[in-house]
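Participant: I would like the atomic coordinates for the input below:
(one chain, ligands or ions: 1)
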Amino acid sequence: MKHILLSLLLVTSITMIAEPQLGKASIEDIVNAMTIEEKVELIVGSAGSADNQNATIGGSAKLIPGAAGSTNSISRFGIPEIVLADGPAGLRIDATREGSNSTYYCTHFPIETLLASSWDIQLVESVGKAMGNEVKEYGVDVLLAPATNIHRNPLNGRNFEYYSEDPLLSGKICAAMIRGVQSNGVGTSLKHFAFNNQESNRTGNDARMSERTAREIYLKPFEIAVKESQPWTIMTSYNKLNGTYTSERADLLKTVLRDEWGFKGLVMTDWYGGRHPELQMNAGNDLLMPGTVKQKDVILNAIRKGTISLRAIDENVTRILGLIVRTPRFLNYKYSDAPDLQSHAAVTRSSATEGMILLKNDNNSLPLDRKLKKVAVFGRTSYDFMAGGTGSGDVNHKYVVSLTEGLANAGFVVDKKLEKEYLKYLSIEKPKLPKFDWWHPRVLVQEKTVSTEEIAKLAKTQDVAIITIGRTSGEFIDRSIEGDFNLSEREINMIKDVSNIFHSKGKKVVVILNISGVIETQSWKDLPDAILLAWMPGQEGGNSVADILIGKENPSGKLPMTFPCSYNDIPSSADFPDCKDITEEMILNSLNLREMEVTETNIKNFDYTEYSEGIMVGYRYYGTNKVKVSYPFGFGLSYTRFDISDYAVNVVDGKINISLKVRNAGEIAGKEVVQVYVTAPGKTMVKPIKELKSFAKTNLLQPGQAQTINMTINVNELATYDEQRISWVVEAGNYQINLGTSSETICATKSITIANEIIAEKTHGLLK
Ligand code: BGC
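Facilitator: The predicted structure is shown next:
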């Protein structure tokens, strides 16, 4: 009996040991040993939120509360679950946990748009490094960021999560962010791949455009990011492209992404994105997030029927295991739950100042004279400064430094009576705001009215007036034109009254823009003395703004998009929804239709959106069509002046080498961004008058100090996408290489000649 027992034990333990273990056996051996059910268990993920009815069992809710999801574990092969969490302005997990007294706050870094406004690749990489450290130290494996969709129209509710209207700037900054985060040994998920440029009906909207537009404008930032930084994962988008869900397009996920660009990582869906698991798997998704039981059943049936091949499933599983073995969780990293939040607060404070843009500074009103101590602070968001936008791009931060706190920290004395009135107003009005739902835009409380008598009293006693104009936006819903893109009557009156009355006393007025996206500025910008675009600058916002106001930091940000004169000037204005037109019924209907698998779409700018402007997005359009703008792409002032000289351009071995000298010709240390815009011959194809092809930011230059800047553009990067020849083609002829400090301030131009047409790359001619 004893013998029998012993041999049974032996057999059992031999069988147990015989299971190949992840990390010890090859991934191939593990894939071969897995059952089909186990494979499906892995390719359909798990929800992070415990209350999700559709979610499969398990998941990271218990592991890291507030994380967006996880993969499933399979213990017999030693496969752990790994944790995925948002987002682009910092890690989004719950700050508190049931049964624990500890807190898990994350740093709210500046929004992506602000980081792009720095035009500083190294800076963004360092922000990514700090962000990724929090990912690692809080036990998360993949950050669901960065996002690099194009700012096609200012009303997109998620523009704050994206970088720019220009593909090159978006791509370069995005690649830097990925490198920074991943330098910690954690992953990123580059999203939303692709054409995700509006929130209205985002899970059903069909983005309709030409292949040229798709490749030159909307895919370009992804291409640059993939080639330059190989994100560990990519997240497909919710929307369709030319009639087919992006997550169901093999041409996008396999041919373009893998074959043409050489992407090596894993592809996952956006949360509950797409419609047919079978089509999604066949198109090249590896992981469906966060996963439903129904998806598992559909995939299992499809495998049994042979409509999804086992080979394809094995490839998916191989990629998922390839991701898992790189993660801190698999490598048994003992995370601390205690990242250095203090040093990261310093990172967010200083990086925010690098991306703030000085739009106006008449008579050197800024930096403020240190003798001006007493400040009258107007505008609701001065007292409720916003660190970032809403939705999955939000961060559970510990605090936000309001503007008034920042000013006080910098030694200003904020008028107490006015402050008290605003705080009282906010405490009464904020609780009245509607609760969140899907079909109403995020609103702030209405601007408070301050009477002209009160402003007059303040103008007598205070040294200077500061006004903040605030705008928020977020996931699920776009912005509206009236009262959001355009300022409300109350806001306009506030700027007018405060400016007139303070000016009558010879006192200055500064406007701070604490906004998530572009607003109208043309009609009121003449009124104040200075305008500082602070964007949503992260949790140290008030301190960052004050650092600029007192001249501790010299603003060096430049616009990553155009500020048009009016909404109707925007090339996509007729082809973008105004959220005032979107009703609850439309949204419910679209969700029902999707559920019922009705594919017919008919409501313009909701069910489908024509990208009629083609490649003429942002400054490409305004410049080519000579449309006057309020502030051009690339624009931003400084407290100092720069001389640019010694501009030289030469072409050697397929490379355009550019060099120039930037000298600080003023009295204050500062940085300048130099931008190279190319004018192509445009004889065989329509081309924008100027396209950004390179940029560089100087070091901090002391007064009188100079720096030589060298830049290189590969001749192939001048290529245009030719749909007829399904190739990237560099037209022969003369090219102007324009050196500028904005898209409209060109300080030097050189010509080069491309003697013969170059076929830079042949593609597969897809995306129809
Ligand atoms: C968003 C993604 C996000 C995901 C997980 C989706 O609704 O579109 O950007 O990463 O949720 O939170």
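Participant: Could you use CA atoms for every contact and neighbour count after this?
Facilitator: Noted.
Participant: What distance do you get for residue 223 to residue 217?
Facilitator: 10 Å (CA to CA, to the nearest Å).
Participant: And for residue 410?
Facilitator: On the measure of CA to CA, residue 410 and residue 217 end up 43 Å apart.
Participant: more neighbours, the two?
Facilitator: Taking other CA atoms under 10 Å, residue 410 and residue 217 do not tie; residue 217 has more neighbours (23 against 17).
Participant: Quick check, that one in contact with residue 167.
Facilitator: Yes - here residue 217 lies in contact with residue 167, judged by CA atoms under 8 Å, at a distance of 5.7 Å.
Participant: between the two, what contacts are shared?
Facilitator: Residues within reach of residue 217 and of residue 167 at once, by CA atoms under 8 Å, 6 or more residues apart in numbering, are residue 150.
Participant: which bits of the stretch 351-500 of the chain sit near the ligand?
Facilitator: Contacts of the stretch 351-500 of the chain with the ligand, taken as CA under 6 Å from any ligand atom, map to residue 392.
Participant: need the helices for the stretch 351-500 of the chain, in chain order.
Facilitator: Taking DSSP state H, counting those that start in this stretch as the criterion, the stretch 351-500 of the chain carries its helices at 403-409, 416-429, 452-461, 489-504.
Participant: Quick one: end-to-end distance for stretch 78-95.
Facilitator: Distance across stretch 78-95, first residue to last, is 30 Å (CA to CA).
Participant: hang on, I meant stretch 721-734
Facilitator: Stretch 721-734: ends 18 Å apart by CA to CA.
Participant: what sits up against it?
Facilitator: Contacts of stretch 721-734 (CA under 8 Å, 6+ apart): 211-212, 215-216, 680-682, 684, 715-716, 718-720, 751-765.
Participant: now, which of these lie within helices?
Facilitator: 211-212 (DSSP state H).
Participant: Filter the contacts of stretch 721-734 down to the buried ones.
Facilitator: Neighbour-count burial (16 or more other CA atoms under 10 Å) applied to the contacts of stretch 721-734 gives 211-212, 215-216, 680-682, 715-716, 718-720, 754, 758-760, 763, 765.
Participant: The residue nearest in space to the middle of the chain: what's it in contact with?
Facilitator: Most central in the chain under CA atoms, centre = their mean is residue 162, positioned 2.6 Å from the mean C-alpha point. Contacts of residue 162 were listed using CA under 8 Å, 6+ apart, and they are 112-113, 147-151, 170.
Participant: Sketch out the low-pLDDT regions of the stretch 301-450 of the chain for me.
Facilitator: Within the stretch 301-450 of the chain, the stretches with pLDDT under 70 are 436-442.
Participant: Right, and the ligand sits closest to which residue of it?
Facilitator: Proximity of the stretch 301-450 of the chain to the ligand (CA to the nearest ligand atom) peaks at residue 392, 5.1 Å away.
Participant: Could you chop the protein up by domain?
Facilitator: 356-560, 573-630, 640-762 (automatic domain parsing).
Participant: what helix or strand is residue 545 on?
Facilitator: helix 541-549 (DSSP states H and E).
Participant: which other residues reach that helix?
Facilitator: Contacts for helix 541-549 (CA under 8 Å, 6+ apart): 349-350, 352-353, 366-368, 385-387, 400-407, 409-410, 534, 537, 553-555.
Participant: tell me the mean pLDDT for it?
Facilitator: Helix 541-549 carries an average pLDDT of 98.
Participant: Point me to the residue of the stretch 151-300 of the chain nearest the ligand.
Facilitator: Counting by CA to the nearest ligand atom, the stretch 151-300 of the chain gets nearest the ligand through residue 271, at 5.0 Å.
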